[in-house]
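Asks: model this:
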Amino acid sequence: MKTKIKIDQAKCTKPEECRKCLQACPPAIFMIYSPEKYSNDPKEWKVDVIFTDLCTKCYECINVCPKDAIEIR
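Replies: Numbers count the residues shown, from 1 in each chain. Below is the predicted model of the structure:
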């Protein structure tokens, strides 16, 4: 069964300051991006999963997330 990872964007409000999931993830499956194509404003940044297939289900991202914004199934 394929791993599903969901980031609750309503809870993950300041990824430009936090970045804990990015730092804790051994295979580096997350990235920070701006939904606005050419925006450099960190207040618009979002965290998303780009390499779901590399997830080892170590749950380190969940353990370090201070907002409980990550769900893995």
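Asks: which residues touch the nearest residue to Glu36 once chain neighbours are set aside?
Replies: Residue nearest to Glu36 in three dimensions, not counting chain neighbours: Glu44, with 5.6 Å by C-beta to C-beta, 6 or more residues apart in numbering. Heads up, the C-betas are built off the backbone N, CA and C, glycines and all. When contacts are counted by C-beta atoms under 8 Å, 6 or more residues apart in numbering, Glu44 touches 34-36.
Asks: which of those residues count as buried?
Replies: Neighbour counting over these (16 or more other C-beta atoms under 10 Å) leaves no buried ones.
Asks: okay, who's weakest in these by pLDDT?
Replies: On pLDDT alone, Glu36 ranks lowest of the contacts of Glu44, at 81.
Asks: tell me the pLDDT at the closest residue to Ile29 other than its chain neighbours?
Replies: If you skip the residues right next to it in sequence, Ile29 has Phe51 as its closest partner in space, 4.3 Å away by C-beta to C-beta, 6+ apart. Confidence per residue is given as pLDDT, and for Phe51 that number is 94.
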